[in-house]
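1. This is a predicted model, with the sequence first.
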Amino acid sequence: MTQYSEKRSILVTSALPYANAPLHLGHILEHTQTDIWVRFQKLTGNDCVYVCADDAHGTPIMLKAEELKITPEELIGQVFEDHKKTFKEYRISHDNFHTTHSEENRELSESIYNSIDSKGLIEKKLINQLFDTSREMFLSDRYVKGQCPECGAIDQYGDNCEKCSATYSAIDLQNPISVLTGTEPIIKESEHMFFKLSDLKDQIIDWLDRSNIQEPVRNKLNEWLDGELKDWDISRDAPYFGFKIPGYEDKYFYVWLDAPIGYLASHLNYLKQTNQESLFEDYWKPDSTSEVFHFIGKDIMYFHTLFFPVMLANANLKTPDGVFVHGFLTLNGEKMSKSRGNFISAEDYIKNLDPDYLRYFFASKLGTGVDDIDLNLEDFKQKNNSDLVNKYANIASRSAKFINKNFDGRLSSHLDTPELYEEFKEAAKDIANLYERLEFSKASREIMSLADKANQYVDSKQPWILIKENGNEDLVQSICTTSVNLFRVLTIMLMPIIPGFTKNALEFLNDEELSWQDIDSPLLDCNVEDFKAIITRIDDSQINKLLEN
């Protein structure tokens, strides 16, 4: 009997997509990685809740709404519905998808701010900011570009460099230009609130020492910690779309303060919906035994690994148990770009291909590293056709026709080769460990190695020859029953990655409610349904259509 650990209580989040545009495949990469891990946790019996939300505040939202001649609330409402629809199409299994523009988030943001302020960790400072005289507004970090003050890279935004990952103040940019008007901004003074991060280095190190952090990420954090930590500007001047800071009429929380608090707000909203609101305090108290894990891209790890943990700690709340970081998504070896014709939107992909193909491809590339992942379309086609069609689905199609035609869909009461089934059961332990450690590429390789063994087993037994001789009926039935059960084990193993295709498989198996523990017991002496194609091959015409849009 396979042994499973005590049931865990886990909260999982993905980074919040920004509420001013449709989702792109980079969002789908991140949410797929998260979703695979969440589905695995649920499949093994853990209490795992997956929450997310739209990041609905900031200057870009305000300006986009102005451009469309609608209110910011109308804009984020439209985008919210579009994002929910797209995630559902890609089989992302959020337990709750919320918005940061919510009363839960407003109350939590104000409460956390007041807590850290009461500890003397908020300091008012007069600062110089870039001001666009044409628009008569201070420029947020995303609305000014220039040369990175650290590495000299051009065309970098005013908060961090995409080339060297340095963070800085926008006024430190060399040759700054307003993105809004193309003019050179002036420097203007304003009073801002700062979170005194520079006082909290020891707390950050303590959190880092006891948290689940990938080695490359840990190394980068240590680089930052070896240097001087700067206090964090957490306020923005009007005009701005967001929450007002308590006690001020013209000051707003910087979006990066209330956005990560949106994880807690979405969780609270979920608990309200499920009549479990009383659990929130138990869950988020500092000594809670529940676990919290964030999945993010490497461009925002500074905020999630330095600011957010110590902000929670100083508000007397639970800090994350781990932050899992992934790289960017490229297409055919190049950065995605609409202007260069090297771009596939999430909407265009879903019009042409099943999302499970993309889910499987991403899984085959995802591990614990933070290297960029390339969506090479030829590799994408070959991998899906080779692994999912020729290996996995082929096992069922080869055996089902004998079970359906010769035995009225009835499986044998025994396996022909029980030792092979035991080998698959034993392999499930290692594959479960790979899933747990986010080694999805290794897990998928191991699963396909087992699929090869299952196909080799059928090849060696040759039921198509045995069935021609009278007296071999029981033997053929038990061989095909073994093959079908190996397919069933592989189906359970693949359920976190390809939930749509495995749903088709479970309909054939007539066994719709499965868990990881069901690997322990084969399916015997029962009926399966008539076999229908589980997965179809990807052809070149489908690939070509992806790049035509």
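-> Looks like it came in fine. Please read all numbers here as calculations on a predicted model, not as lab measurements.

2. Output stretch 127-147 as CSV, nothing but the C-alphas.
-> Once non-C-alpha atoms are left out, stretch 127-147 reads as follows in CSV (Å, rounded to 0.1, in the frame of the first residue of the first chain):
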residue,chain,number,x,y,z
ILE,A,127,11.2,63.5,-2.6
ASN,A,128,11.9,64.6,-6.1
GLN,A,129,9.8,63.0,-8.8
LEU,A,130,9.5,63.2,-12.5
PHE,A,131,6.6,65.4,-13.6
ASP,A,132,5.1,65.7,-17.0
THR,A,133,4.2,69.3,-17.5
SER,A,134,2.1,68.6,-20.6
ARG,A,135,-0.2,66.2,-18.7
GLU,A,136,0.2,68.0,-15.3
MET,A,137,0.9,64.8,-13.4
PHE,A,138,3.6,62.9,-11.7
LEU,A,139,4.9,60.0,-13.8
SER,A,140,4.5,56.6,-12.4
ASP,A,141,7.4,54.2,-12.9
ARG,A,142,5.8,52.6,-16.0
TYR,A,143,5.3,55.9,-17.7
VAL,A,144,8.9,56.9,-17.9
LYS,A,145,11.7,55.2,-19.8
GLY,A,146,15.4,55.8,-20.0
GLN,A,147,18.8,54.1,-19.5
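
3. Pull out the buried positions in that stretch.
-> Residues 127, 129-132, 135, 137-147 are the ones in stretch 127-147 that count as buried (16 or more other Cβ atoms under 10 Å). For glycine as for every other residue, the C-beta is placed from the backbone atoms N, C-alpha and C.

4. Repeat that for stretch 516-528.
-> Counting neighbours by 16+ other Cβ under 10 Å, one finds that the buried residues in stretch 516-528 are 516, 518, 519, 522, 523, 528.

5. do the same with stretch 73-85
-> By neighbour count, with 16+ other Cβ under 10 Å as the criterion, the buried positions of stretch 73-85 are 75, 76, 77, 79, 80, 82, 83.

6. In PDB, could you pull the C-alpha coordinates for that stretch?
-> As requested, the backbone C-alpha atoms of stretch 73-85 are provided in PDB (Å, rounded to 0.1, in the frame of the first residue of the first chain):
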ATOM      1  CA  GLU A  73     -14.400  50.800 -12.700                       C
ATOM      2  CA  GLU A  74     -16.000  50.000 -16.000                       C
ATOM      3  CA  LEU A  75     -12.700  49.100 -17.500                       C
ATOM      4  CA  ILE A  76     -11.600  46.700 -14.800                       C
ATOM      5  CA  GLY A  77     -15.100  45.200 -14.800                       C
ATOM      6  CA  GLN A  78     -14.900  44.300 -18.500                       C
ATOM      7  CA  VAL A  79     -11.300  43.000 -18.200                       C
ATOM      8  CA  PHE A  80     -12.200  41.000 -15.100                       C
ATOM      9  CA  GLU A  81     -14.900  39.000 -17.100                       C
ATOM     10  CA  ASP A  82     -12.600  38.500 -20.000                       C
ATOM     11  CA  HIS A  83      -9.800  37.200 -17.800                       C
ATOM     12  CA  LYS A  84     -12.100  34.800 -15.900                       C
ATOM     13  CA  LYS A  85     -13.400  33.400 -19.200                       C
END
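
7. just how off-centre is it within its chain?
-> In this view, stretch 73-85 has its centroid 19 Å away from the chain centroid, taken as Cα atoms, centre = their mean, to the nearest Å.

8. for stretch 346-366, same thing?
-> The gap between the average C-alpha position of stretch 346-366 and the chain average comes to 14 Å, counting by Cα atoms, centre = their mean.

9. start to end distance for that stretch?
-> The stretch stretch 346-366 measures 19 Å between its terminal residues, going by Cα to Cα, to the nearest Å.

10. can you check stretch 502-521 too?
-> Criterion Cα to Cα; first-to-last residue distance in stretch 502-521 is 18 Å.

11. Could you pull up the residues touching the residue nearest to residue 73 when sequence neighbours are not counted?
-> Excluding the flanking residues, the one nearest residue 73 by Cβ to Cβ, 6 or more residues apart in numbering is residue 101, at 7.3 Å. By Cβ atoms under 8 Å, 6 or more residues apart in numbering, the residues touching residue 101 are 54, 56, 57, 73, 76.

12. helix or strand for residue 101, which one?
-> When secondary structure is defined by DSSP states H and E, residue 101 falls outside every helix and strand.

13. any chance you could map the strands in the stretch 351-500 of the chain?
-> Using DSSP state E, counting those that start in this stretch, the strands of the stretch 351-500 of the chain run over residues 373-375.

14. Same check on the stretch 151-300 of the chain?
-> Counting by DSSP E, counting those that start in this stretch, residue ranges of the strands within the stretch 151-300 of the chain are 156-157, 174-178, 186-195, 212-213, 232-233, 235-237, 251-253, 291-297.

15. Let me know which of those strands is the nearest to residue 266.
-> With Cβ to Cβ, the closest approach to residue 266 among the strands of the stretch 151-300 of the chain belongs to strand 291-297: 12.4 Å.

16. And the pLDDT at the residue lying closest to residue 30 once chain neighbours are set aside?
-> Spatial nearest neighbour of residue 30, chain neighbours left out: residue 14 (5.4 Å); criterion: Cβ to Cβ, 6+ apart. At residue 14, the pLDDT value in this model is 98.

17. ok, now residue 89?
-> As predicted, residue 89 sits at a pLDDT of 98.

18. Let me see the contact set for the residue sitting furthest away from the middle of the chain.
-> Ranking residues of the chain by C-alpha distance from their mean position (Cα atoms, centre = their mean) puts residue 470 at the top, at 54.3 Å. With contact set as Cβ under 8 Å, 6+ apart, residue 470 has no partners.

19. Likewise for residue 236?
-> By Cβ under 8 Å, 6+ apart, residue 236 lies in contact with 59, 138, 140, 242, 251, 252, 253, 254, 255.

20. Looking at these, state which has the most neighbours.
-> Using other Cβ atoms under 10 Å as the neighbour criterion, residue 255 leads those with 28 neighbours.

21. so which of the contacts of residue 101 comes closest to residue 159?
-> Nearest to residue 159 among these is residue 57, at 15.3 Å by Cβ to Cβ.

22. pLDDT score for the closest residue to that closest one other than its chain neighbours?
-> Of all residues not flanking residue 57 in the chain, residue 242 sits nearest, at 3.8 Å (Cβ to Cβ, 6+ apart). pLDDT recorded at residue 242 is 97.

23. Same question for residue 296.
-> Among the per-residue scores, residue 296 shows a pLDDT of 97.

24. and it, how many neighbours?
-> 22.

25. same thing with residue 158?
-> Per other Cβ under 10 Å, the neighbour tally for residue 158 reads 23.

26. so what's the backbone phi/psi at it?
-> Its backbone dihedrals place residue 158 at phi -90, psi 10, with angles given as degrees, to the nearest 10.

27. got the contact list for it?
-> The neighbourhood of residue 158, defined by Cβ under 8 Å, 6+ apart, consists of 130, 139-146, 169-170, 173, 176.

28. Could you rerun that using 6 Å?
-> Residue 158 is in contact with 141, 144, 170, 173, counting by Cβ atoms under 6 Å, 6 or more residues apart in numbering.

29. which non-adjacent residue is nearest the third one?
-> Computed as Cβ to Cβ, 6+ apart, the closest residue to residue 170 that is not its neighbour in sequence is residue 158, at 3.0 Å.

30. Cheers, nothing more for now.
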